[in-house]
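Q: need a 3D model of the sequence below.
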Amino acid sequence: MPPTPTHGRQIEDEDEDDLITSAVLIACEEGNLAALEQLANVHRVSLAVSNEHGETPLHIAAGGGFEQVVAFLAGKGGKLDAPDRRGDTPLFWAARNGHTNVVHYIADKIPIVDARNKNSETALHVATRYAQVTSAIALLERGASIDVLDEHGETPLHIAAWHGYTLLLSILCRFGPTLDNVNGWSSGRPGLPFYPFPSHYILTYVNHHRHSG
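A: Below you'll find the model as predicted:
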């Protein structure tokens, strides 16, 4: 049976919506502010779009480090704290990719920097996991909780210790973390704020910091 005129129009509308979404997201991925301004101001295209993963223009722009695009989208009503389907906000995307300028911009404009994704991670967990030192510092300086636990009971300190990120360990320790947290993977031995098998160097480092204050 051939499609009815109404059904045909619906397909055309859906195709047009997909094209608009793609155009907006590609412009954000490229940091093409001029294209976004033309889409929004000349063609009156809505920038309130998302893809099948729940990723908005702000997620894409933040992940690319395009601060001017992020500011433009926020000025057009984009939500800086909107989660994608993983629960990651644009702040997560910026922190994960080490775009400290965007981390600064977003963190200064949202109420809290400790929003959690579906794994109960915060942006600080993510910045630490990806060894984004300057992003982690920016979050800590803006009040990110250093002792917040993810779904495995891990703090950013656990993550830094497991990966052997000694610079991040030294930075995290300056912000007064609890050094006796035992994560969900631990064998239950007290006083080891990381996975069951940390390197000797990291164990020595954390214990030295504990005793030296």
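Q: separation between the most centrally placed residue in the chain and residue 84?
A: Geometric centre of the chain, nearest residue: residue 92, 0.6 Å, by CA atoms, centre = their mean. Distance of residue 92 to residue 84, given as CB to CB, to the nearest Å: 9 Å. (Each C-beta comes from the backbone N, C-alpha and C, glycine too.)
Q: pull the number of nearby residues for residue 173.
A: By other CB atoms under 10 Å, 18 other residues sit near residue 173.
Q: SS state for it?
A: helix (DSSP: H, G, I helix; E, B strand; the rest coil).
Q: so residue 95 touches residue 124, yeah?
A: Yes - taking contacts as CB atoms under 8 Å, residue 95 lies within contact range of residue 124: 7.5 Å.
Q: neighbour count for these two, which is higher?
A: residue 95 (35 against 28).
Q: what's next to the host helix or strand of the more buried one, contact-wise?
A: Taking DSSP states H and E as the definition, residue 95 sits inside helix 90-96. Contacts with helix 90-96, where a contact means CB atoms under 8 Å, 6 or more residues apart in numbering, come from 56, 58-63, 65, 70, 80-82, 100, 102-103, 106-107, 110, 113, 115, 117, 121, 123-124, 126-127, 130, 132, 135-136, 139.
Q: show me the helices in the protein, by range?
A: Secondary structure of the chain (DSSP state H): helices at 5-30, 33-37, 57-64, 67-75, 90-96, 100-107, 123-129, 133-141, 156-163, 166-174, 200-212.
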